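>>> below are the sequence and a predicted model; questions follow.
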Amino acid sequence: MFSVPKGALALVAMFGLTCAAHAQSNPNAAQIKAQLNPSGAVSDTTRGIKPIAPGGAPAPAVAAAPSVNLNIEFASGSATLTPAATAELDQLGQALTSASLTADKFKIVGHTDTTGDAPTNQTLSEARAAAVKSYLEAKFSIADTKLTSEGVGEADLLVPTPPGTSDVRNRRVEIINLGQ
């Protein structure tokens, strides 16, 4: 047998915890529900600028629509959901059918990275958003009127990258709470 210095064990334990925490990419149903519930928080998109309403009075602050980004795995170059994708979507479905969110409507937005050409990515993002919508409607009996889907291709990158760059963070599905 050999002995391992105490400091080395601490490093191994810390590295293992860091890797385990990094491996979890998507939130669970409770976390998704919390992110999609309207909080009444003021949007930070104005960067401190106070909009003025007609007549010179300050405009009321507008809260950003609650949303969550999920990395949903599809078969390469297609809108076919993988088993990992359905596991993630099951968490989303549980959140959307929770009592606090059942009255709300949601927009499902498909995003791609910059691999491939823009028109192909646009079509792919639309098909992927539609696949997510169909899965949620079928598996969780969510009414068609509660969900809309659209694709934006590579137009709204989460992480700016040059053309032809594969980045999993940009291949995502965004869920936006539209309210009632």
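Ah, there it is.

>>> give the helix, strand or coil label for residue 107.
strand (DSSP: H, G, I helix; E, B strand; the rest coil).

>>> who does the closest residue in space to it that isn't next to it in sequence form a beta bridge with?
Leaving aside its chain neighbours, residue 107 sits nearest to residue 176 (4.4 Å; criterion: CB to CB, 6 or more residues apart in numbering). In this view, the C-beta of every residue, glycine as well, is placed from N, C-alpha and C. Assessed by DSSP bridges, residue 176 has beta-bridge partners residue 67, residue 107.

>>> the longest helix belonging to the chain packs against which elements?
The longest helix of the chain (DSSP state H) is helix 118-140. Here helix 118-140 touches helix 83-96, strand 105-110, strand 147-151, strand 173-179, going by 3 or more CB pairs under 8 Å, 6 or more residues apart in numbering; DSSP states H and E.

>>> any idea which of those is most buried?
Highest mean neighbour count among the helices and strands packed on helix 118-140 (mean count of other CB atoms under 10 Å): strand 105-110, with a mean of 22.

>>> so what's the gap between that one and the chain middle?
Averaging C-alpha positions (CA atoms, centre = their mean, to the nearest Å) puts strand 105-110 10 Å from its chain's average.

>>> just stretch 149-165 next, same as before
Relative to its chain's centre, stretch 149-165 lies at 13 Å (CA atoms, centre = their mean).

>>> CA atoms of it as PDB?
Only the C-alpha atoms of stretch 149-165 are listed here, as PDB (Å, rounded to 0.1, in the frame of the first residue of the first chain):
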ATOM      1  CA  SER A 149     -42.700  28.000 -31.000                       C
ATOM      2  CA  GLU A 150     -40.300  30.000 -33.100                       C
ATOM      3  CA  GLY A 151     -36.700  29.700 -34.200                       C
ATOM      4  CA  VAL A 152     -34.100  32.400 -34.400                       C
ATOM      5  CA  GLY A 153     -31.200  30.400 -35.800                       C
ATOM      6  CA  GLU A 154     -27.900  32.000 -35.000                       C
ATOM      7  CA  ALA A 155     -29.400  35.500 -34.700                       C
ATOM      8  CA  ASP A 156     -29.400  35.600 -30.800                       C
ATOM      9  CA  LEU A 157     -26.200  33.900 -29.600                       C
ATOM     10  CA  LEU A 158     -25.800  33.400 -25.900                       C
ATOM     11  CA  VAL A 159     -22.000  33.400 -26.300                       C
ATOM     12  CA  PRO A 160     -20.700  35.600 -29.200                       C
ATOM     13  CA  THR A 161     -18.600  33.400 -31.600                       C
ATOM     14  CA  PRO A 162     -17.300  33.800 -35.100                       C
ATOM     15  CA  PRO A 163     -18.900  32.100 -38.000                       C
ATOM     16  CA  GLY A 164     -18.500  28.300 -38.200                       C
ATOM     17  CA  THR A 165     -17.900  27.900 -34.400                       C
END
